[in-house]
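Chemist: Sequence and predicted model, in that order:
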Amino acid sequence: MLIIFDWDGTLCDSTGRIVAAMREAAGQLSAPIPEVNAVREVIGLGLPEAMEELFPMLDLPERDAMRARYSACYVEIDREPAELFPGAMEVMDTLRDQGHQLAVATGKGRRGLNRVLEGHGLLNYFDATRCADETSSKPNPHMLFELLEELGSAADESLMIGDSEFDLMMANAAAIAGVGVSYGVHSAERLQQHEPVAVIDDLGELLHLAVPIT
């Protein structure tokens with residue numbers, strides 16, 4: 001089975017840093033500083049789409065400048081990469097030992113994902129990864145289709161795990177079963193609206209799902 005993970009808020013406890021970097025970038029460029037919850041709402045989208053949601057009052061060049069400033073602020077805050085959630089590494093190692101393929105589908109850009117994977121010693125750990133600056137942003141299913149094609153996997157033999165409704169909407173659009181995690185950016189109630197096979201409170205619960213991991 002192919003098991004596809006979102007990164008921020010699912011495997012990596014980085015939500016607070018994303019919020020802080022976005023608000024810092026806005027302050028540095030004298031733009032309206034978005035509320036914490038507003039930033040959390042867009043985590044999972046590609047950066048251009050997130051900027052459009054957060055800063056509709058800015059024109060395209062101004063949003064491009066905000067993207068660059070956000071990226072610089074995030075790297076400064078994330079000099080030591082944010083920690084993986086407790087037990088995440090053990091869960092992934094167990095799944096690999098069981099013979100499953102592992103992949104990442106993330107709203108991060110390629111440079112950002114590679115930097116954090118390298119920081120955790122995981123640069124060559126996953127069978128495949130896909131980033132929002134390489135394809136369409138979530139909830140468009142293109143990144144999942146690309147992962148299925150690259151790894152020779154079928155949708156009905158795959159699973160998408162994520163903390164946002166964008167992850168589950170993307171999974172539904174690709175006819176892939178979804179699992180929500182309740183400890184990320186969107187509530188369990190909100191995730192349940194997209195009919196995942198489960199919403200779990202701890203990643204370790206993934207190992208005990210009767211369906212669809214077999």
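Modeler: Nice, I can see it.

Chemist: quick one, helices of the chain?
Modeler: 15-28, 36-42, 47-54, 60-77, 88-97, 110-119, 142-151, 165-173, 188-192 (DSSP state H).

Chemist: Just say which of these is most tucked in.
Modeler: By mean neighbour count, with neighbours taken as mean count of other CB atoms under 10 Å, helix 165-173 ranks first of the helices of the chain at a mean of 24. All C-beta atoms are positioned from the backbone trio N, CA, C, and that covers glycine.

Chemist: what packs against it?
Modeler: With contacts taken as 3 or more CB pairs under 8 Å, 6 or more residues apart in numbering; DSSP states H and E, helix 165-173 sits against helix 142-151, strand 158-162, strand 177-181, helix 188-192.

Chemist: which non-adjacent residue is nearest Gly27?
Modeler: Leaving aside its sequence neighbours, Gly27 sits nearest to Ile33 (CB to CB, 6 or more residues apart in numbering; 5.6 Å).

Chemist: Just read off the phi/psi values of the one you found.
Modeler: phi -80, psi 120 (degrees, to the nearest 10).

Chemist: number of nearby residues for the closest residue to Met1 other than its chain neighbours?
Modeler: Closest residue to Met1 apart from its sequence neighbours, by CB to CB, 6+ apart: His100 at 5.0 Å. A count of nearby residues for His100, using other CB atoms under 10 Å, gives 16.

Chemist: Then Glu35?
Modeler: Other residues close to Glu35 by other CB under 10 Å number 12.

Chemist: Quick check, pLDDT for it.
Modeler: Glu35 is assigned 95 on the pLDDT scale.

Chemist: Ok, Pro212 next?
Modeler: Listed pLDDT for Pro212 reads 51.

Chemist: again, but for His208
Modeler: As predicted, His208 sits at a pLDDT of 85.

Chemist: and stretch 26-46, C-alpha only, in PDB?
Modeler: This file holds the C-alpha atoms of stretch 26-46, laid out as PDB (Å, rounded to 0.1, in the frame of the first residue of the first chain):
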ATOM      1  CA  ALA A  26       3.400  41.200   7.100                       C
ATOM      2  CA  GLY A  27       4.800  43.500   9.800                       C
ATOM      3  CA  GLN A  28       8.100  44.000   8.100                       C
ATOM      4  CA  LEU A  29       6.300  45.000   4.900                       C
ATOM      5  CA  SER A  30       3.800  47.200   6.700                       C
ATOM      6  CA  ALA A  31       0.900  45.100   5.400                       C
ATOM      7  CA  PRO A  32      -2.100  44.200   7.600                       C
ATOM      8  CA  ILE A  33      -1.000  41.500  10.000                       C
ATOM      9  CA  PRO A  34      -3.300  38.500   9.700                       C
ATOM     10  CA  GLU A  35      -4.900  37.000  12.800                       C
ATOM     11  CA  VAL A  36      -3.400  33.700  14.000                       C
ATOM     12  CA  ASN A  37      -6.500  31.700  13.000                       C
ATOM     13  CA  ALA A  38      -6.600  33.300   9.600                       C
ATOM     14  CA  VAL A  39      -3.000  32.000   8.900                       C
ATOM     15  CA  ARG A  40      -3.900  28.500  10.300                       C
ATOM     16  CA  GLU A  41      -6.900  28.400   7.900                       C
ATOM     17  CA  VAL A  42      -4.600  28.500   4.900                       C
ATOM     18  CA  ILE A  43      -1.900  26.100   6.000                       C
ATOM     19  CA  GLY A  44      -1.800  23.300   3.500                       C
ATOM     20  CA  LEU A  45      -2.400  25.500   0.400                       C
ATOM     21  CA  GLY A  46       0.500  26.400  -1.900                       C
END
